[in-house]
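> What would the 3D arrangement of this be:
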Amino acid sequence: MADVTAIRDPKQDSLLTPQNAVIAFIDYQPEQYAGVGSVGHDELLAHVTMLGRVATTFGLPVVLSTVYVKHGMSGTNPELREALPGVPEIDRTSMNSWEDPDLRGAVERTGRRKLILAGLWTEVCVAFPALDAIREGYDVYVVVDAIGGVSRVAHESALQRMIQAGAIPISVLGLACELQRDWGRPAADRLRAIMREYFAKMRALKA
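This is a model prediction of the structure:
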């Protein structure tokens, strides 16, 4: 059996690493979930919660944004809040979070150019910042199974728009494995625990 593989330069690696990426969670609020029609809500919630736990497990810088909470909207759903302990919410009024100086500044201060995006809805809250960040030279990764649009057509059309602009689609599980890269490395046991819970939820949803 081969030894644990050597870790490549984690800041210059062409793949995602805990040292070269930043992740933004955008508008995971009850009102936004209620408008999603492209995927079942229980399945979406399982993926979103796993994504939050993956981000925390690997110590990724997390930017968490909400829209219009100061004017009556609910905040981030409790399952994701629990998965992201201590991460402050950045509230805004803009539909395009990249136009909010607080959110954009939070991303810029990390100094990282690989931006992982997830949010509700695909066609607005994910697509708009993705397109702007790509234009500004970021490598943008969209977590396709942790986002949802108001319809399947809206979701898929928005994904195509982003991909054509240069965004890279990735799944929650694919992201987790890309960050881990080798089962012999530290944190593998924590990732196994997350994956066991995730697959148990997926089986329950299909039962």
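
> The residue lying closest to residue 104 once chain neighbours are set aside: what's it in contact with?
Distances taken as CB to CB, 6 or more residues apart in numbering place residue 98 nearest to residue 104, at 5.6 Å, with adjacent residues excluded. All C-beta atoms are positioned from the backbone trio N, CA, C, and that covers glycine. Residues near residue 98 by CB atoms under 8 Å, 6 or more residues apart in numbering: 104, 128, 129, 132, 133.

> Let me have the residues you listed in TSV, adding neighbour count as columns.
What follows is the contacts of residue 98, written out as TSV (neighbours: other CB atoms under 10 Å):
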residue	neighbour count
104	19
128	20
129	28
132	17
133	23
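
> so can I have TSV of these showing secondary structure, pLDDT and distance to residue 177?
Below are the contacts of residue 98 laid out as TSV (DSSP: H, G, I helix; E, B strand; the rest coil; pLDDT from 0 to 100; distance: CB to CB, whole Å):
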residue	secondary structure	pLDDT	distance to residue 177
104	helix	98	29
128	helix	98	29
129	helix	98	25
132	helix	98	29
133	helix	98	24
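
> which pair in those residues spans the largest distance?
The most widely separated members of the contacts of residue 98, counting by CB to CB, are 104 and 128 (12.1 Å).

> shared neighbours of the two, anything?
With CB under 8 Å, 6+ apart as the test, residue 104 and residue 128 both reach 97, 98.

> From residue 125, how far off is residue 194?
Separation of residue 194 from residue 125 (CB to CB, to the nearest Å) stands at 25 Å.

> same thing with residue 65?
Taking CB to CB, one finds residue 65 at 8 Å from residue 125.

> thinking again about what came up before, how far away is the residue nearest to residue 104 from residue 196?
36 Å.

> what does residue 122 give?
28 Å.

> And those two? Which one has more around it.
residue 122 (28 against 10; other CB atoms under 10 Å).

> Do I have it right that that one meets residue 149?
Yes - in this structure, residue 122 is within contact of residue 149 by CB atoms under 8 Å, at 3.9 Å.

> shared neighbours of those two, which are they?
38, 155, 158.

> Let me know the secondary structure of residue 7.
coil (DSSP: H, G, I helix; E, B strand; the rest coil).

> Number of residues surrounding it?
12.

> Doesn't residue 126 lie inside a helix?
Yes - according to three-state DSSP, the state of residue 126 is that of a helix.

> Sketch out the low-pLDDT regions of the chain for me.
Across the chain, the ranges flagged by pLDDT under 70 are 1-2.

> tell me the centre residue of it?
residue 118 (3.6 Å; CA atoms, centre = their mean).

> Which elements pack onto the helix or strand where that residue lies?
Take DSSP states H and E as the rule and residue 118 turns out to sit in strand 114-119. Counting contacts by 3 or more CB pairs under 8 Å, 6 or more residues apart in numbering; DSSP states H and E, strand 114-119 is packed against strand 21-26, helix 127-135, strand 139-143.
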